Each structure stands twice: as C-alpha cells, then as structure tokens.
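Participant: With the input below, show me the fold.
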Amino acid sequence: MQRKFAISVAAIATCICLMAASCQSTIAGLTATLGNASAQIAQLEGNTPLAAQIATDTAQAVKQINAWKSGSPAHNAVEALGVVETDLSLICPANASGWQASCAQYAPLIQLALGTAQTIILLIDPTAALKTQKVNMGGSTPTNSKEFKTQWNGIANSIPSLRTAVIK
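Facilitator: Numbering: from 1, shown residues only. Coordinates of the predicted model:
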C-alpha cells in the first residue's frame, strides 16, 4: 500500500509542472536542496561517510533528472532518486520500536526529506517501487526548494536541538 497516499494540491501542481520542460530545473533544485540538507543531518550525527555519500548520490540524481525528458522512460532518474531514498533511510535507521533514541531528534527532518524524495519519485513515475515504506507527510509536500527550506527551517527552528540544522 506504499503508493496509496493523498495527493495534495501542491503535488498535483508538481505533476503538472513535470509535464513542462521548464519545471525540470525546479525538481532538480528541490532534489539538490533536500540532499544538501540531509547530508548536513548525517554530518551532525557524526556520520561523515554517509554525508559524503548523500551529497554524491544527490548530485547524480540531479544529473539524471536534468537529463530526463518528459514522455521518455524515467528509469535512470527514478533509480538515482531511489539511491538517495535509501541513503536518507540510513541517517537514523528506525528499529522495530521506532526511531533510535540517539538520533530521534532528527526524525521530523528526515521524514520531510524522505517523504519529499518519495513524492518526487512517484510524480516522475507513478508505477515506481519505493525503496522504503512510504512516509506520511501529514501536510503539503514541498514542490520547490523555497518551500522545502521553509518547512525544514520551520521544524529546525521549533526544536532547540535542531537549530544547527537550519538551511541558510
């Protein structure tokens, strides 16, 4: 049931946007922003190798999104985004009882990044299989870098221990 989720007005706008070549850079920019922000969380957790991996894999996803042409198979873009999705799930892997206590403070930011990556994957290719369980965003999904930064910073500023994760 991973693919069953409510499509917000923002997601519909993004879907329409994807049909226009001019919006490809918007989706690529959103992907780059979520990757850079997520790499920062991995770095704050002291996982420098994962931070570097997220940065590298996100750059590859952006490259594949920019190379993808609407109406053509989106396999390469979806595959690259799937790698980013997997990377994001490694920042603070959840266990059977939920988020690990050592990094649970980052859960809202990780959920935002992971949910945004999953939404981009499903908007590019609604038949794509997600690598991880679908994140319930509980609100609107960011459709561009500015919206992502606003949501990310809103979360980071509302929790004192996350203020160092604010995107500048």
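
Participant: what stretches of this structure score poorly on pLDDT?
Facilitator: Along the chain, segments meeting pLDDT under 70 span 1-22, 94-99.

Participant: Can you give me the distance of the most centrally placed residue in the chain to residue 33?
Facilitator: For the chain, the residue nearest the mean C-alpha position is residue 117 (3.0 Å; Cα atoms, centre = their mean). Plainly put, residue 117 is 11 Å away from residue 33 if you go by Cβ to Cβ, to the nearest Å. Placement of C-beta: from N, CA and C, glycine included.

Participant: Residue 65 and residue 78 touch, don't they?
Facilitator: No. At 9.7 Å, residue 65 and residue 78 do not qualify as touching, with contact defined as Cβ atoms under 8 Å.

Participant: Of these two, which one has the most company?
Facilitator: Under the criterion of other Cβ atoms under 10 Å, the comparison of residue 65 against residue 78 puts residue 65 first, with 26 against 23.

Participant: Check the secondary structure at the more buried one for me.
Facilitator: helix (DSSP: H, G, I helix; E, B strand; the rest coil).

Participant: Now for it: which residues touch it?
Facilitator: Applying Cβ atoms under 8 Å, 6 or more residues apart in numbering to residue 65 gives the contacts 24, 27-28, 31, 77, 80-81, 124.

Participant: Out of those residues, which comes closest to residue 39?
Facilitator: Closest approach to residue 39 among these (Cβ to Cβ): residue 31, at 12.4 Å.

Participant: can you pull the contacts of that closest one?
Facilitator: The neighbourhood of residue 31, defined by Cβ under 8 Å, 6+ apart, consists of 58, 61-62, 65, 81, 84, 117, 120.

Participant: Including distance to residue 37 and secondary structure, could those residues go into TSV?
Facilitator: As requested, those are arranged in TSV below (distance: Cβ to Cβ, whole Å; DSSP: H, G, I helix; E, B strand; the rest coil):
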residue	distance to residue 37	secondary structure
58	10	helix
61	14	helix
62	14	helix
65	17	helix
81	16	helix
84	12	helix
117	11	helix
120	14	helix
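
Participant: What distance do you get for residue 49 to residue 124?
Facilitator: Residue 49 sits 28 Å away from residue 124, going by Cβ to Cβ.

Participant: Please disregard the earlier target; I meant residue 134.
Facilitator: 15 Å.

Participant: ditto for residue 133
Facilitator: Counting by Cβ to Cβ, the separation of residue 133 from residue 124 is 19 Å.
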